[in-house]
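S.K.: Here is my input, please return the structure:
(chains A and B)
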Amino acid sequence: MQLDVIKDNYLTMGKANQVVFSETLQELAKEDKEIVIITSDSRGSGKLVPFAEKFPKQVIEVGIAEQNLVGIASGLASAGKKSFAISPACFLTARSLEQIKNDVAYSNNTVKLVGISAGLSYGILGTTHHSLHDFAVLRAINNIIIVAPADNFETEQAVHEAAKLNQPIYLRFGKKAMPFLDESNQDFKIGKGRIVNHGDDITIIATGETVYPAILAAKSLKETNNINAKVVSMHTIKPLDVKLLDDLVKDRKPIITIEEHMVNGGLGEACASYLFQKGAINRFHIMAIPDEYTVTGSQLEIFNHYGISQEGISKKIIELLKV
Amino acid sequence: MTISELERKSIELRKKILSYIYNVKAGHTGGSLSCIDIINVLYNRVLNIDANNFSDSKRDRYIQSKGHCVEALFVTLADCGFFSEEDLQTGCQYKSHYIGHPTKKVNGIEQNTGALGHGLSICVGEALAAKMDNKKHKVFTLLGDGEMAEGSNWEAFQSAAHYKLDNLFAILDYNKQQISGSNKEVMNPISFKEKLQVFGWAVKEVDGHNIKELVQTLNDGPFEKEKPSFIIAHTIKGRGVSFMEGVLKWHHGVPTEEQYLQAQKELETLEQAL
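M.R.: Numbering: from 1, shown residues only, chains lettered A, B, ... in the order given. The predicted structure is shown next:
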């Protein structure tokens, strides 16, 4: 596919973020016996087999039972464990939503919820396996942080921070290898957006695996149209970095948000809600999966279908700048 | 407490439950009266919990899965000194912590519960953590028979047996009624005993209003090595008040003044008969 061809021209490819998550957690577990992973027959897909081999006493397997997964993780956290509940994002944030709401967030049990193979990672497996609802449902729950790292660097940093965190958090990882976005920017903090490409004609606010096509679009727009697009990796969906948003709207240039999530209730609506109430007058466009029966295909094909690609984003940006 | 002191305490707590519900004009009357003997025995004879040092990591854990019967828990905790009886006067008022379900904002309450089918999984996590850390405390939960229809409970039952959690005790307040009717009408449980045995639990049945039996059974566990313990406590909804016993409308019925006085009188008669 075209995305894959183009990426090699610009960026060094790394690993899947969920692989980096597993490796980082193994590093942490060497020093910290309180780290426990709870899995729902998902060790293989979560690349957690090496973790389980190295730290068998720090693994709780619950079988395919996601409600119990989150309930047990809450009990472990309550008893002082650094409890990482890991399951495909589609099941974790839908089937166990009530456990997340009550046993994790409301009870303030500091579980680290880890949604793997998130968004459209499972592509052709279809809607049952897609999580295009997770930002929306979790945004509607008090006391939970939502983080979707874009690349391996952000993933590693997010896992380190999450392990130390004294508040419930949801981490969202995909299964596709991700490039290193901006090796010169080593600045990461949960709750703080990261500018990974500079430009002052338009701002792209993307999250998770959509930051990659956003950067490709920014680089190609510079070459072909001399358009300078700023790209922000808004890895933390909640709490939203409103300070950065305040800065981003100052120049009154258009803003486009991009996410691997349904258009309803995700990053775009979160930004719009904040900015509109603050009186922002920038042109604003939300690029996400529309509210329809999702087209079938691989993650990349679905992205392309809905314009979440270098071409689609570039086209939309040119359109926005013309008006 | 001795058996006879516990028996007296149970009646006293029943009176306090009714008084609380009558004052705040809300509550799960029938269920609170069916489980109060169990909660009384737990707090006054079984659990190793210090009201003045609730955060002690060695404490036994009690998580009430049937959160709607919070009135029984509130009056017991107040009676044990976790907070003052006066605090309960704020029950169900604006900004009060004494609401219709347990919250951790109240001293002595382990977890926020209320949605059914949650408590047991949390207890499995607590019991696993205790095993991992070689800690000797026990973990107890109180389940309602209606919530046994929740699939999440059966996920939790499986996992507790899988991990051989003999530090885990689940007590079923088996009053055989739920909000819409009898368990049999709503969702026939067939046999909890056989189900739990097949799920790998060690099961005992007790009369949930017989203090002596409760004391003996709840202190007796684990019933089998490497098995979690399940106690089926046969109870009566509304126990202790003649016109409430087994009558469905008292699931969350609030007594009128006349009914309240009548109920207190009946309980006083029981007390005098001890």
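S.K.: Would you map the strands across the stretch 101-250 of chain B?
M.R.: B:139-144, B:168-174, B:177-178, B:181-182, B:202-207, B:229-234 (DSSP state E, counting those that start in this stretch).
S.K.: Could you name the helices and strands sitting against the fourth one?
M.R.: To tie it back to what came earlier, the one meant is strand B:181-182. In terms of contacts (3 or more C-beta pairs under 8 Å, 6 or more residues apart in numbering or on different chains; DSSP states H and E), strand B:181-182 is not packed against any helix or strand. For glycine as for every other residue, the C-beta is placed from the backbone atoms N, C-alpha and C.
S.K.: Name every strand pairing with it and say which way it goes.
M.R.: When pairing is defined by DSSP bridges, strand B:181-182 lines up against strand B:177-178 (antiparallel).
S.K.: And the contacts of the strand it pairs with?
M.R.: B:30, B:144-146, B:183, B:186, B:237, B:246, B:248, B:251 (C-beta atoms under 8 Å, 6 or more residues apart in numbering or on different chains).
S.K.: which ones are touching residue 176?
M.R.: Because you didn't say which chain, this covers chain A. A:16, A:121, A:209, A:299-300.
S.K.: my question was about chain B
M.R.: Here B:K176 is in contact with B:145, B:182-184, B:237 (C-beta under 8 Å, 6+ apart).
S.K.: go again using 6 Å as the cut-off
M.R.: Taking C-beta atoms under 6 Å, 6 or more residues apart in numbering or on different chains, we find B:K176 in contact with B:182-183.
S.K.: Write out the residues of chain B neighbouring chain A.
M.R.: Within reach of chain A by C-beta under 6 Å from any C-beta of the partner chain, chain B has these residues: B:111-112, B:115, B:118, B:121-122, B:124-126, B:129, B:152, B:155-156, B:159.
S.K.: of all of the stretch 201-323 of chain A, which residue lies closest to chain B?
M.R.: A:K238 (20.6 Å; C-beta to the nearest C-beta).
S.K.: Excluding chain neighbours, what is closest to A:H129?
M.R.: A:Y122 (3.7 Å; C-beta to C-beta, 6 or more residues apart in numbering or on different chains).
S.K.: so how far is A:G191 from the one you found?
M.R.: 29 Å (C-beta to C-beta, to the nearest Å).
S.K.: These two: which has the busier surroundings?
M.R.: A:Y122 (22 against 16; other C-beta atoms under 10 Å in any protein chain shown).
S.K.: Helices of the stretch 51-200 of chain B, start to end?
M.R.: Here the stretch 51-200 of chain B has its helices, by DSSP state H, counting those that start in this stretch, at B:70-79, B:119-132, B:151-162, B:183-187, B:192-198.
S.K.: for the record, mean pLDDT for the last one?
M.R.: Read it as helix B:192-198. For helix B:192-198, mean pLDDT is 98.
S.K.: Over to the second one?
M.R.: The predicted model gives helix B:119-132 an average pLDDT of 98.
S.K.: would you list every one of the strands in chain A?
M.R.: A:13-16, A:35-39, A:59-61, A:82-88, A:112-116, A:145-147, A:169-172, A:177-179, A:194-197, A:202-206, A:229-233, A:236-238, A:255-262, A:284-289 (DSSP state E).
S.K.: Tell me which of the ones you listed lies nearest to B:E224.
M.R.: strand A:59-61 (22.3 Å; C-beta to C-beta).
S.K.: Run through the neighbouring helices and strands of the closest one.
M.R.: Applying 3 or more C-beta pairs under 6 Å, 6 or more residues apart in numbering or on different chains; DSSP states H and E, one finds that strand A:59-61 contacts strand A:35-39.
S.K.: name the helices or strands packed onto the strand it packs on?
M.R.: Right, strand A:35-39 is packed against strand A:59-61, helix A:66-78, strand A:82-88 by 3+ C-beta pairs under 6 Å, 6+ apart.
S.K.: Please see if the longest one touches chain B.
M.R.: Right, helix A:66-78. Yes. Counting by C-beta under 6 Å from any C-beta, chain B is contacted by helix A:66-78 at A:67-68, A:71-72, A:74-76.
S.K.: rewinding a little: save the strands of chain A as JSON lines, and put in mean neighbour count and mean pLDDT too.
M.R.: Below are these laid out as JSON lines (neighbours: other C-beta atoms under 10 Å in any protein chain shown; pLDDT from 0 to 100):
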{"stretch": "strand A:13-16", "mean neighbour count": "17", "mean pLDDT": "90"}
{"stretch": "strand A:35-39", "mean neighbour count": "25", "mean pLDDT": "98"}
{"stretch": "strand A:59-61", "mean neighbour count": "19", "mean pLDDT": "97"}
{"stretch": "strand A:82-88", "mean neighbour count": "28", "mean pLDDT": "98"}
{"stretch": "strand A:112-116", "mean neighbour count": "29", "mean pLDDT": "98"}
{"stretch": "strand A:145-147", "mean neighbour count": "24", "mean pLDDT": "98"}
{"stretch": "strand A:169-172", "mean neighbour count": "28", "mean pLDDT": "98"}
{"stretch": "strand A:177-179", "mean neighbour count": "20", "mean pLDDT": "92"}
{"stretch": "strand A:194-197", "mean neighbour count": "22", "mean pLDDT": "95"}
{"stretch": "strand A:202-206", "mean neighbour count": "27", "mean pLDDT": "98"}
{"stretch": "strand A:229-233", "mean neighbour count": "26", "mean pLDDT": "97"}
{"stretch": "strand A:236-238", "mean neighbour count": "23", "mean pLDDT": "98"}
{"stretch": "strand A:255-262", "mean neighbour count": "27", "mean pLDDT": "98"}
{"stretch": "strand A:284-289", "mean neighbour count": "20", "mean pLDDT": "98"}
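S.K.: want to throw those strands into CSV with distance to A:R95?
M.R.: Listed next are the strands of chain A as CSV, based on distance: least, C-beta to C-beta, whole Å:
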stretch, distance to A:R95
strand A:13-16, 23
strand A:35-39, 14
strand A:59-61, 17
strand A:82-88, 9
strand A:112-116, 12
strand A:145-147, 18
strand A:169-172, 14
strand A:177-179, 27
strand A:194-197, 32
strand A:202-206, 28
strand A:229-233, 29
strand A:236-238, 21
strand A:255-262, 18
strand A:284-289, 20
